[in-house]
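**Student:** Any chance you could fold what I've pasted below:
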Amino acid sequence: MAYRTDNVFAKILRGELPAHRVYEDEHSLAFMDLMPQAEGHTLVIPRYPAEDLLDLPPEHLRHTVVTAQRVAQAVKRAFAAEGIMLAQLSGAAAGQTVFHVHFHILPRSGGIDLRLHARKPAPSELLAEHARRIRAALEP
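**Tutor:** Below you'll find the predicted structure:
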């Protein structure tokens, strides 16, 4: 499958669709997952147009993973998480539903189960508050 520029993440990158942005630089963008599996569920995507992990050149992968690490540290602080789960799904058979490579950052704490993914959008006000908390935790 060839990269399609009409995917939802490409539209977010171009500013055609809204997103609760957490962090961005010249290589990557982090924003709140619209249908979070946990409070603070954040996505990190490269600006490079790659369908999945196997299509992403190593230099762009490096930048994206560095952003994922930085944002994951902030998510962990912002939500007082005991741990962080980083997930990356490549291909439909692996569960990928948006075909622009992306990493899921999920704060995890004992006794709190993950919700099913892609089931129910969270209220925009809640996502905005979560994004605010993460941005505050990113500040030095």
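**Student:** Buried residues, the host helix or strand of Glu129. List them.
**Tutor:** Element membership for Glu129 (DSSP states H and E) is helix 124-138. Residues of helix 124-138 classed as buried: Leu127, His130, Ala131, Arg133, Ile134, Arg135, Ala137, Leu138 (neighbour count, 16 or more other CB atoms under 10 Å). (Glycine included, C-beta is placed from N, CA and C.)
**Student:** can those residues go into JSON lines with extra columns for distance to His100 and pLDDT?
**Tutor:** Output for the buried residues of helix 124-138, formatted as JSON lines (distance: CB to CB, whole Å; pLDDT from 0 to 100):
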{"residue": "Leu127", "distance to His100": "19", "pLDDT": "98"}
{"residue": "His130", "distance to His100": "22", "pLDDT": "98"}
{"residue": "Ala131", "distance to His100": "20", "pLDDT": "98"}
{"residue": "Arg133", "distance to His100": "25", "pLDDT": "98"}
{"residue": "Ile134", "distance to His100": "21", "pLDDT": "98"}
{"residue": "Arg135", "distance to His100": "22", "pLDDT": "98"}
{"residue": "Ala137", "distance to His100": "25", "pLDDT": "98"}
{"residue": "Leu138", "distance to His100": "23", "pLDDT": "97"}
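**Student:** Going by distance to Leu13, which of those wins?
**Tutor:** Ala131 (16.6 Å; CB to CB).
**Student:** So which bits of the helix of greatest length in the chain are buried?
**Tutor:** When the chain is parsed with DSSP state H, its longest helix is helix 58-78. By neighbour count on 16+ other CB under 10 Å, the buried set for helix 58-78 is 60, 63-65, 67-68, 70-72, 74-76, 78.
**Student:** roughly how far out does the helix or strand following it sit from the chain middle?
**Tutor:** Sequence-wise, the next helix or strand downstream of helix 58-78 (DSSP H and E) is strand 83-87. Centroid separation for strand 83-87 versus its chain: 11 Å, with CA atoms, centre = their mean, to the nearest Å.
**Student:** who does strand 83-87 pair up with?
**Tutor:** strand 103-108 (antiparallel) (DSSP bridges).
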